[in-house]
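In: only geometry, no sequence info:
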């Protein structure tokens, strides 16, 4: 399998080159040259399933099975609710979000590929990506990680989790939005001074190495659900930068029994506007309770457009609904009172869409993207309970936080880059 830019195509590159480069030379995102139909039996351990799923995408001489064993070492349970629905819990990794799967896989790939210059990983985060990347790369030799997050626009526990690592992890609170952070990462790739000192790459879902492993839980759960119901799995995915839901569409393209894929968005609603207007109009992000989805210009829209290149194709395959902060709060309360489900604000957008916008006579799976305990200031007052903390999370919150505040310009970032 080779990889090309979603923009111009360009010369195909290898899996390793696509991962290490992050972005294509034309600034586009790498996509596989094909999505071959490829079904793997699910009656095996999850990490083995992911390894077999990714086999067509990764050269056979690379230790794919070892990578997957280390990256996918935690469960992906489905919590049933109602008479036919389920919550796909994707937050049982070390940073308590679905992004642990991709970040840990990416760390394994990069550890396999030493560089002469120190590797610098710059990552923009609207809440959860940064902590997943930090946990995956912490204390990895010859790697420096710089995390950029919008100051004051993540929860207190998220902010602590982003900045509690030290060692090779530098955390920067940017005076701006997530879109500003993401733009700074892209600008860094064109900065000669940075590239002269470091081998620069990114660990956002811009990177194909982050995205491919996320196909695993959709493919795996779809086979589980099909075995139980003999029907394709319908899924609702909370979406900001659209990487997670792109993985679902790719898994369906591989032939897995996935039916409707519905995007749940917060007030930023980039896909809702596109489907309503037929014109993609990115806007400055606005702050919401589902802060990890506060993205006004989602990068992975380009990959979805590559998959469905005409608006007619796109509109036939993609559904999207927006959810307000008030509706998020109502969904959190409703899910708890009705089914005993404790949801984070992002998962609550999927629950609201399930309640109000889809046919509940069909069976649905809702992707639960983060542990609600990361959002205690939102969830606890609504439910009147104290959320339990995992031992891993308790240990992270007990560590001291070290963070620097910087302006939203590349020079400010360069001034505080690690020197070794």
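Out: Structure's in. What do you need? None of the values given here were measured: they were computed from a predicted structure.

In: For the stretch 101-250 of the chain, which segments count as helices?
Out: 129-137, 156-163, 178-188, 192-197, 208-211, 215-229, 243-253 (DSSP state H, counting those that start in this stretch).

In: and the fourth one, how far out from the chain's middle?
Out: Looking back up the chat, that one is helix 192-197. 28 Å (Cα atoms, centre = their mean, to the nearest Å).

In: With the fifth one instead?
Out: In terms of Cα atoms, centre = their mean, the centre of helix 208-211 is set 9 Å apart from its chain centre.

In: I'd like the average pLDDT over that helix.
Out: Helix 208-211 shows an average pLDDT of 95 in the prediction.

In: Next: the last one.
Out: Averaging pLDDT along helix 243-253 gives 97.

In: In terms of secondary structure, what does it contact?
Out: Applying 3 or more Cβ pairs under 8 Å, 6 or more residues apart in numbering; DSSP states H and E, we find helix 243-253 packed against helix 208-211, helix 215-229, strand 233-238, strand 258-265, helix 301-307. The C-beta positions use only the backbone N, C-alpha and C, and glycine is treated the same way.

In: now with 10 Å?
Out: strand 30-32, helix 99-111, helix 208-211, helix 215-229, strand 233-238, strand 258-265, helix 301-307, strand 364-368 (3 or more Cβ pairs under 10 Å, 6 or more residues apart in numbering; DSSP states H and E).

In: I'd like to know which elements the helix or strand that the last one is followed by is packed against.
Out: Using DSSP states H and E, the helix or strand that directly follows strand 364-368 along the chain is helix 376-383. Based on contacts counted as 3+ Cβ pairs under 10 Å, 6+ apart, the elements that helix 376-383 packs against are helix 156-163, helix 325-339, helix 345-356.

In: Mean neighbour count, those helices: which tops it?
Out: helix 345-356 (a mean of 26; mean count of other Cβ atoms under 10 Å).

In: Packing partners of it?
Out: Counting by 3+ Cβ pairs under 10 Å, 6+ apart, helix 345-356 packs on strand 85-89, strand 233-238, strand 258-265, strand 319-322, helix 325-339, strand 364-368, helix 376-383.

In: what is the mean pLDDT for stretch 185-198?
Out: Here the average pLDDT along stretch 185-198 is 88.

In: Let me fix that, I meant to ask about stretch 411-420.
Out: So the average pLDDT for stretch 411-420 ends up being 84.

In: In that stretch, which of the residues would be classed as buried?
Out: 412, 413, 417 (16 or more other Cβ atoms under 10 Å).

In: and which of those is nearest to residue 290?
Out: residue 413 (26.5 Å; Cβ to Cβ).

In: and the closest one, how far is that from residue 175?
Out: Plainly put, residue 413 is 12 Å away from residue 175 if you go by Cβ to Cβ, to the nearest Å.

In: now the chain, which segments are flagged as low pLDDT?
Out: 419-420 (pLDDT under 70).

In: how about the nearest residue to residue 360 once chain neighbours are set aside, what does it touch?
Out: In space, not counting the residues next to it along the chain, residue 360 is nearest to residue 354; the distance is 7.0 Å by Cβ to Cβ, 6 or more residues apart in numbering. Taking Cβ atoms under 10 Å, 6 or more residues apart in numbering, we find residue 354 in contact with 81-82, 85, 234, 236, 262, 264, 331, 335, 360, 364-366.

In: what does stretch 36-43 rub up against?
Out: 1, 48-57, 216, 219-224, 226-227, 253-257.

In: one more time with 6 Å
Out: If you take Cβ atoms under 6 Å, 6 or more residues apart in numbering as the criterion, stretch 36-43 is touched by 49, 52, 53, 56, 220, 223, 254, 255.

In: and if you look at stretch 398-416?
Out: Contacts for stretch 398-416 (Cβ under 6 Å, 6+ apart): 151, 160, 163-164, 166, 171-176, 180, 184, 187.

In: at 8 Å what do you get?
Out: With contact meaning Cβ atoms under 8 Å, 6 or more residues apart in numbering, stretch 398-416 is reached by 146, 148, 151, 159-160, 162-166, 170-176, 180-181, 184, 187-188, 191, 193-194.
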